[in-house]
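Chemist: no sequence for this one, just the structure:
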């Protein structure tokens, strides 16, 4: 299973003298640290973090990453997308490799 998710606090991030750009990067860093410590295959981009594993282990990481963001605001926003393909592993890289081959073949 692949999960792409984004988690961020709400009720914070306003531009202020302590936070001149309105960033929530400290909260996001706390969430990404949980993902990295999980040992699951993962990739973080500017908008989402992808992780691969079995249902229970992936959702445990998402819950713990969400919990890590809770102290940074009065509420938390979670966006999640899942690709569930029983019996498949290595898809975090495999999907990209197949896409690149298709692009090369189309050229």
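Modeler: Structure's in. What do you need? Computed from a predicted structure; not experimentally measured.
Chemist: hey, where'd the strands end up in the protein?
Modeler: In the chain, the strands defined using DSSP state E lie at 2-10, 42-44, 49-52, 75-83.
Chemist: And those strands: which comes nearest residue 29?
Modeler: Closest approach to residue 29 among the strands of the chain (Cβ to Cβ): strand 42-44, 10.2 Å. All C-beta spots, glycine's among them, are computed from the backbone N, C-alpha and C.
Chemist: Which strands and helices lie in contact with that closest one?
Modeler: Counting by 3 or more Cβ pairs under 8 Å, 6 or more residues apart in numbering; DSSP states H and E, the packing neighbours recorded for strand 42-44 are helix 25-38, strand 49-52.
Chemist: What strands line up against that strand, and which way round?
Modeler: Strand pairing for strand 42-44, using DSSP bridges, gives strand 49-52 (antiparallel).
Chemist: for the partner strand, which positions count as buried?
Modeler: Of the residues in strand 49-52, 49-52 count as buried by neighbour count, 16 or more other Cβ atoms under 10 Å.
Chemist: State the mean pLDDT of that strand.
Modeler: Over the span of strand 49-52, the pLDDT mean works out to 98.
Chemist: any idea how far it is from the chain center?
Modeler: Distance of strand 49-52 from its chain centroid, counting by Cα atoms, centre = their mean, to the nearest Å, is 6 Å.
Chemist: Out of the strands of the chain, which is closest to residue 90?
Modeler: Nearest to residue 90 among the strands of the chain is strand 49-52 (7.8 Å), distances taken as Cβ to Cβ.
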